[in-house]
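Student: I would like to see how this sequence folds:
(one chain, ligands or ions: 1)
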Amino acid sequence: MQIQTKELTYNLEQWKQGYRSQKQEYDYQITEIEGQIPAELTGTLFRNGPGMLDINDVSVRHPFDGDGMICRITFQDGKAHFLNRFVQTEAYRAEQIAGKFLYRGVFGTQKAGGWKTNAFDLNLKNIANTQVVYWGGKLLALWEAAEPHRLDPKTLDTLGIEYLNNTLKPGDPFAAHPLFDPKGLMVNFGLKAGKLDRTGLLTEITIYELDLDGEVVEQHSHIVPGFAFIHDFAITPNYCIFFQNPVGFNPFPFLFGLKGAAECVKFQPEKLTKILVIPRNPRSGEQMQTLETKSGFVFHHANAFEHDGKISIDSIAYPTFPEAEPNKDFREIDFSTVTPGQLWRFEMDLTTQQVTSQLVEPRCCEFPTINPANVGQPYRYVYMGAAQTTDGNAPLQSIIKLDRETGAQQLWTAAPTGYVNEPVFVPRPGSTQEDDGWLLAMIYDGERDRSAVVILDAADLTKGAVATLWLTHHIPYGLHGSWTDQMFMDSI
Ligand SMILES: [Fe+2]
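Tutor: Next comes the predicted model:
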């Protein structure tokens, strides 16, 4: 029998190269530019991700355990400047001096010495590797299970752990997915999962709202039954929305030093996903509502909005929690065996508590982003990293734009040699149209073994990159980034 094999649009060996540590810290003007940087593009792109993926050639078990490295790309007068620095967390400094892993990573990285060395060591590494935002005059590197680290935006020097004017207590988590309400508020949450009482496991969600000065102007906590693993959320003017995916947690392999905490999370396909709808104003008298929808797993939401007593939310959903295979290097992934994330629309009726869901885009996609002016509002365009192929799972090689009104799509691709990271939307100064702006994304080119910052015209992805800014080196695949119109250099 002849087996038909689908032609791959990617080279797995080249893709793997993008998961090498970048131990060097650089500071230079970017000079190798294809196309032209728009003269109106003035400000700073910050981006965070695991930069250190090994210590003395001993690899992390999962890239999410890699130490946070911030990239800062400054744009002014058609020129660009690159700077990268590791977040100097206490654990990063200690491990670099020791030359070996001294901490256990949440995703399974263990201290040398086997389970006996790791058993009952619950001291996890605050790895500061997931997002970086500039808000209230502070640059914050975020990791969801602990406090933020504050950095100097001019130098990216680490200033220390940030407690948000004594709002956070030592060890309090502050998630890595803050949302920016166009009214001028940063909304975020902290999740304490796995509390135990007579009824079983509980999770505490604390919501924080910070004004433009960085002052915490709203803070309220809510207890929900069960263990929750929540990475992201969505907001509307009146609500915060969380998907509590059906997972259980067996702590014993973690306690006994056999697995990382996240490796003890077990998907429960027989259970429903709970959708928690929490009023943003705790004085409104309105109670939290818990709705239910089919089983699945969501890391990222694109946006949510209210209409006619309902909330619509667009999210990247997986049919199951993508668990890592035990004892297998994360680089040795067989994409054909992993189910892809796909964009879904969930609609929640707050009166009847009914939820409907509809598949919007079957193509494998992740890292959704929108025009920041539309956060929590009805919106038309969503942009995502996407596979080049239209079915099955594959590395993200393209950026797709979906028109939610007409269903039209546009696609820009870096295939076959390029791999994309999260796009960040930057509105054009003075813009009035939702898609009038640019998408900035870092790509890794496997053939050149170098990374680049790509600038796309969000109104028309099909015309190709407006500019491609080649770095002189590679940057490992990252997680999230953010834009500010402010600059932290006198000039480039
Ligand atoms: Fe994320």
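
Student: which SS class is residue 469?
Tutor: strand (DSSP: H, G, I helix; E, B strand; the rest coil).

Student: do residue 156 as well
Tutor: From three-state DSSP, the assignment for residue 156 is coil.

Student: show me the contacts for it.
Tutor: Residues in contact with residue 156 (C-beta atoms under 8 Å, 6 or more residues apart in numbering) are 70, 72, 83-85, 139. Heads up, the C-betas are built off the backbone N, CA and C, glycines and all.

Student: all strands for the stretch 251-400 of the chain, in order.
Tutor: With DSSP state E, counting those that start in this stretch applied, the stretch 251-400 of the chain shows strands at 265-267, 273-279, 289-293, 297-307, 310-318, 342-349, 355-361, 365-369, 381-387, 396-403, listed in chain order.

Student: picking up where we left off before, and the contacts of residue 156 as a markdown table, adding distance to residue 311, pLDDT and neighbour count?
Tutor: Formatted as a markdown table, these follow (distance: C-beta to C-beta, whole Å; pLDDT from 0 to 100; neighbours: other C-beta atoms under 10 Å):
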| residue | distance to residue 311 | pLDDT | neighbour count |
| --- | --- | --- | --- |
| 70 | 34 | 98 | 26 |
| 72 | 36 | 98 | 24 |
| 83 | 40 | 98 | 19 |
| 84 | 39 | 98 | 20 |
| 85 | 40 | 98 | 21 |
| 139 | 32 | 98 | 25 |
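
Student: tell me which of the residues you listed is nearest to residue 440?
Tutor: Set against residue 440, the nearest of these by C-beta to C-beta is residue 72 (12.4 Å).

Student: The spatially closest residue to that closest one that is not a sequence neighbour is in what secondary structure piece?
Tutor: Leaving out its chain neighbours, the residue that sits closest to residue 72 by C-beta to C-beta, 6 or more residues apart in numbering is residue 83, at 4.5 Å. Here residue 83, judged by DSSP states H and E, is contained in strand 79-86.

Student: Also residue 9?
Tutor: Per DSSP H and E, there is no helix or strand for residue 9.

Student: quick one, phi/psi of it?
Tutor: With angles defined as degrees, to the nearest 10, residue 9 sits at phi -90, psi 0.

Student: contacting residues for it?
Tutor: By C-beta under 8 Å, 6+ apart, the contact list for residue 9 reads 387-389, 394, 397, 415-416.

Student: Next, find the distance separating the nearest residue to it once chain neighbours are set aside from residue 179.
Tutor: Excluding its sequence neighbours, the residue lying closest to residue 9 (C-beta to C-beta, 6+ apart) is residue 388, at 4.0 Å. To residue 179, residue 388 is 30 Å away according to C-beta to C-beta, to the nearest Å.

Student: again, but for residue 251
Tutor: Per C-beta to C-beta, residue 251 is found 31 Å from residue 179.

Student: Who has more neighbours out of those two?
Tutor: Each of residue 251 and residue 179 has its neighbours counted (other C-beta atoms under 10 Å); residue 179 has more, 22 against 14.

Student: So for stretch 26-35, what gets flagged as buried?
Tutor: Buried residues in stretch 26-35, counted by 16 or more other C-beta atoms under 10 Å: 30, 33.

Student: How far off centre is it?
Tutor: With C-alpha atoms, centre = their mean, to the nearest Å as the basis, stretch 26-35 stands 26 Å off its chain's centre.

Student: tell me the mean pLDDT for that stretch?
Tutor: Stretch 26-35 carries an average pLDDT of 98.

Student: What of stretch 287-300?
Tutor: pLDDT averaged over stretch 287-300 gives 95.

Student: and what of stretch 157-165?
Tutor: For stretch 157-165, the mean pLDDT works out to 97.

Student: Distance from it to the middle of the chain?
Tutor: On C-alpha atoms, centre = their mean, the centre of stretch 157-165 falls 21 Å from that of its chain.

Student: Send me it as PDB with only the CA atoms.
Tutor: What follows is stretch 157-165, C-alpha atoms only, in PDB (Å, rounded to 0.1, in the frame of the first residue of the first chain):
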ATOM      1  CA  ASP A 157      18.500  46.700  34.300                       C
ATOM      2  CA  THR A 158      16.500  44.800  36.800                       C
ATOM      3  CA  LEU A 159      15.400  47.000  39.800                       C
ATOM      4  CA  GLY A 160      13.900  44.200  41.900                       C
ATOM      5  CA  ILE A 161      10.500  42.700  42.700                       C
ATOM      6  CA  GLU A 162       7.600  45.000  42.300                       C
ATOM      7  CA  TYR A 163       4.800  45.100  44.900                       C
ATOM      8  CA  LEU A 164       2.600  47.700  43.200                       C
ATOM      9  CA  ASN A 165       2.800  50.200  46.000                       C
END
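
Student: contact partners of it?
Tutor: Under the criterion C-beta under 8 Å, 6+ apart, residues 85, 87-89, 126, 138, 140-141, 147-152, 168-170, 174, 208, 210, 214-216 lie in contact with stretch 157-165.
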